[in-house]
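[1] Dropping a prediction and its sequence here:
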Amino acid sequence: MTDLPPLPASSLRLRLDAEALAANWRTLDAMSGTARAGAAVKADGYGLGAARVAALLAKAGCQDFFVAHWSEVPDVLRHVPSSRIAVLHGPMSAQEAEFAIQAGVRPVLNSLDQVRRWLGSGGGTCHLMVDTGMNRLGLAMADLGDALLDKLDIDICMSHLASADEDVNQNEEQLGRFAQVRAAVRARRYSLANSAGIALGSAYHADLTRPGLALYGGIARPELAGRIVPVAQPEAAVLQIRALEPGEKVGYNALFTADRPMRAGILAIGYADGYLRCWSGKGRFALGGREVPVLGRVSMDLTIVDLTEMPECREGDWLSAIYDLPQASATSGLSQYELLTLLGRRFSRQIGF
């Protein structure tokens, strides 16, 4: 096969504000009090590019990084010492345990089966997850007295808050159970709080906090508003501009009909890029501080906007999606997490504005 020439630049950009990311980590680290803030960089750095995110956070001072899958290790390992990378899903096979040993990364053990597998592999330093009420991953509270745990060299013993973004009794219940965990499990460090958990106060901070969403501009609790700043900005190029006459219909299923002469811009973004159909008739884009609405239904690769009041916009210009995470979540019905992690591979991920 003949080698391809260099690819043209993408008509989609996802801009990452490096200083905003670093500032958010510093804010969360300060809010963690005597604890240190780590960073969840799973899901490709919450959609922003794990390698870039890890490099920037390490430069800002972050030392502990969390991924979910073994396949996520290589991108982070390019910028972070292996012993500082934790794999949350733990070793499900001897091959995965061997990978952890050879790569030098730390598995998070979630069950007695995983404990046995790790010890049987020759193991070494590891982390341990204990379920304190989420009923997701983690060792059962009833297993805390098992003698196998005494054979582990545990760096971080952790649990995860289920409802820290709400003021509910479950938070205090989990905090109480975590105190039992700390009394029963010998480890160098203990960790409970995610982004929202940091905002719950010092009782939840332990030795290490594990923010994710807030690093990337998400507001997990009201206490973070005004302190956490936006990090990501999706942008799309205008591929074509069309003149619409009154009565002409727009997009799939003709959800919009022009009621006057209009100017429509066709943007290179669609639901395949994570800009889902829920934005149909609701989304907005901006150019030079001026906003324009989405017309009709978002399709797989394209979104149509009303450029009638923006005569200066031309084909090839870039429009920015209105994507402030809390506001966008309220408008679209998507969670702030989904808004970030759904952003697809076709975006050119760039640092700076």
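    Yep, that arrived.
[2] now stretch 200-212, how far from the centre of its chain.
    Relative to its parent chain, stretch 200-212 has a centroid offset of 18 Å by CA atoms, centre = their mean, to the nearest Å.
[3] and what of stretch 196-211?
    18 Å.
[4] So for that stretch, what gets flagged as buried?
    Neighbour-count burial for stretch 196-211 flags 196-200, 204-211 (criterion: 16 or more other CB atoms under 10 Å). Where you see a C-beta, it was placed from the backbone N, CA and C, and this is true even at glycine.
[5] Who are the contact partners of the nearest residue to residue 122 once chain neighbours are set aside?
    Take residue 122 and drop its neighbours on the chain: the residue closest to it by CB to CB, 6 or more residues apart in numbering is residue 101, 6.7 Å away. The contact partners of residue 101, by CB atoms under 8 Å, 6 or more residues apart in numbering, come to 121, 122, 123, 124.
[6] And residue 324, by the same measure?
    residue 230.
[7] Show the model's pLDDT score for it.
    pLDDT recorded at residue 324 is 96.
[8] who are the neighbours in contact with the closest residue in space to residue 273 that isn't next to it in sequence?
    Once flanking residues are discounted, residue 273 sits nearest to residue 344: 4.2 Å by CB to CB, 6+ apart. Contacts for residue 344 were tallied using CB under 8 Å, 6+ apart; they are 272, 273, 274.
[9] Residue 344 and residue 207, how far apart?
    37 Å (CB to CB, to the nearest Å).
[10] can you check residue 171 too?
    To residue 207, residue 171 is 19 Å away according to CB to CB.
[11] now residue 40
    Applying CB to CB to residue 40 and residue 207 gives a distance of 17 Å.
[12] Take the contacts of residue 344 and write them to a markdown table, including pLDDT, neighbour count and distance to residue 333.
    As requested, those are exported to a markdown table (pLDDT from 0 to 100; neighbours: other CB atoms under 10 Å; distance: CB to CB, whole Å):
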| residue | pLDDT | neighbour count | distance to residue 333 |
| --- | --- | --- | --- |
| 272 | 98 | 14 | 19 |
| 273 | 98 | 22 | 18 |
| 274 | 97 | 21 | 14 |
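[13] Take those residues and keep only those in helices.
    Secondary structure defined by DSSP state H assigns none of the contacts of residue 344 to helices.
[14] Turn these into CSV, including distance to residue 322.
    Formatted as CSV, the contacts of residue 344 follow (distance: CB to CB, whole Å):
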residue, distance to residue 322
272, 20
273, 16
274, 15
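[15] Show me which of those is closest to residue 16.
    Lowest distance from residue 16 to the contacts of residue 344 (CB to CB) belongs to residue 274, with 15.3 Å.
[16] wait, the closest one sits on residue 343?
    Yes. In this structure, residue 274 is within contact of residue 343 by CB atoms under 8 Å, at 4.3 Å.
[17] Give the intersection of the neighbour lists for those two.
    What both residue 274 and residue 343 touch, as defined by CB under 8 Å, 6+ apart, is the set residue 47.
[18] what's residue 146 sitting at in phi/psi?
    phi -70, psi 130 (degrees, to the nearest 10).
[19] Near the closest residue in space to it that isn't next to it in sequence, how many other residues are there?
    Distances taken as CB to CB, 6+ apart put residue 112 closest to residue 146, at 6.1 Å, once the chain neighbours are dropped. Residue 112 sits with 14 neighbouring residues when counted by other CB atoms under 10 Å.
[20] Who are the contact partners of the closest residue in space to residue 248 that isn't next to it in sequence?
    Spatial nearest neighbour of residue 248, chain neighbours left out: residue 258 (5.0 Å); criterion: CB to CB, 6+ apart. Residues in contact with residue 258 (CB under 8 Å, 6+ apart) are 244, 245, 246, 247, 248, 249, 250.
[21] doesn't residue 263 make contact with the second one?
    Spelled out, that is residue 245. No. If you go by CB under 8 Å, residue 245 and residue 263 don't touch, sitting 11.3 Å apart.
[22] before we move on, the earlier item: return a ChimeraX selection command for the buried portion of the contacts of residue 258.
    Selection of buried members from the contacts of residue 258 for ChimeraX, criterion 16+ other CB under 10 Å:
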select :244,250
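[23] Between the contacts of residue 258, which sits nearest residue 157?
    Nearest to residue 157 among the contacts of residue 258, with distances taken as CB to CB, is residue 250, at 56.0 Å.
[24] give me the beta-bridge partners of the closest one?
    Note on residue 250: beta-bridge partners by DSSP bridges are residue 256.
[25] Okay, it and residue 237: tell me how far apart.
    19 Å.
[26] swap in residue 129?
    Residue 129 is 44 Å from residue 237, by CB to CB.
[27] Who has more neighbours out of the two?
    residue 129 (24 against 19).
[28] how about the helices in the chain?
    18-31, 42-46, 50-60, 73-77, 94-103, 112-120, 169-184, 195-199, 325-332, 336-341.
[29] Indicate which one of those is closest to residue 136.
    Nearest of the helices of the chain to residue 136, taken as CB to CB: helix 169-184 at 12.1 Å.
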